[in-house]
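A.B. asks: Mind looking at a prediction? Sequence and model below.
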Amino acid sequence: MTSHHPDESLLQAYAIGNLGEPLALLVATHTALCPLCRNAVRDLESIAGTLLDDLSPTALSEDSLSSVLAQLDGRETAAASEASSPVAEGADTILPQPLRGYLGRRLSDLPWRQRGVVADVALFPDRKDFTTRLLRIRKGCRVPLHRHEGLELTLVLSGAFSDSQGHYLRGDIAVANSSVVHQPVADDDEDCICLAVTDAPVYLAGPIGRLLNFAFKY
Ligand SMILES: [Zn+2]
């Protein structure tokens, strides 16, 4: 059972389809692992559906209504198949379906870039409004101290990490805003794999971090 969830406003934005694709993927992946948020989203979607029903036909074209309903149906189907269908042979069992479908490849086949104790893969490379990465933090190791301009959400997929705000296990979401300079540390027993979405660039803090900022955009 996960204990660190997206906040209500994020779930609301997700339920009405109002999140950028990287954040929507992160929330969808969390809800695949978290029955609590899955139910909350279902409730929010049904409230949104009722509101849509109440709108006069002139306020909303048939097309947009049916496209919203089709999206909701699609999500239900995805959640149901995640819950019931066995994982295809050879697939990564640590990847819940929304993320597995997006990546379309096994974790080991992705183009990981090793940077010290952290390896990463850039996702959604064409989106300038988000930095989206899969991270693999070596067990027992610290990520370089860093801060962000915007909000960073980190969803744990396997292993676990801690920072000054808590301990995060599979399915948990850690939230860091621009006031937090943080340094996640992976647990000792296994590498920690996460999906991290930042809505602005990440800057390394500390003397070594400042040098590294020149070497690469972290
Ligand atoms: Zn949750």
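C.D. replies: Arrived safely.
A.B. asks: Where does the residue nearest the centre of the chain sit: helix, strand or coil?
C.D. replies: When C-alpha atoms, centre = their mean is applied to the chain, the residue found nearest the centroid is residue 26 (2.3 Å). Under DSSP: H, G, I helix; E, B strand; the rest coil, the three-state class of residue 26 is helix.
A.B. asks: Ok, residue 167 next?
C.D. replies: Quick answer, by three-state DSSP: residue 167 is strand.
A.B. asks: Next one, pLDDT for it please.
C.D. replies: Listed pLDDT for residue 167 reads 95.
A.B. asks: Show the contacting residues for it.
C.D. replies: Counting by C-beta atoms under 8 Å, 6 or more residues apart in numbering, residue 167 makes contact with 160-161. (Glycine included, C-beta is placed from N, CA and C.)
A.B. asks: Repeat that for residue 193.
C.D. replies: So residue 193 contacts 94, 107, 134-137, 156-159 (C-beta under 8 Å, 6+ apart).
A.B. asks: same thing with residue 182?
C.D. replies: Per C-beta under 8 Å, 6+ apart, neighbours of residue 182: 145-147, 163-165, 176.
A.B. asks: Show the residue spans covered by the strands in this structure.
C.D. replies: 113-115, 118-123, 131-137, 146-148, 152-158, 161-163, 166-168, 173-176, 185-186, 192-198, 202-204 (DSSP state E).
A.B. asks: now those strands in CSV, with distance to residue 33?
C.D. replies: Shown next, in CSV, are the strands of the chain (distance: least, C-beta to C-beta, whole Å):
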stretch, distance to residue 33
strand 113-115, 26
strand 118-123, 18
strand 131-137, 16
strand 146-148, 24
strand 152-158, 8
strand 161-163, 16
strand 166-168, 12
strand 173-176, 10
strand 185-186, 19
strand 192-198, 11
strand 202-204, 24
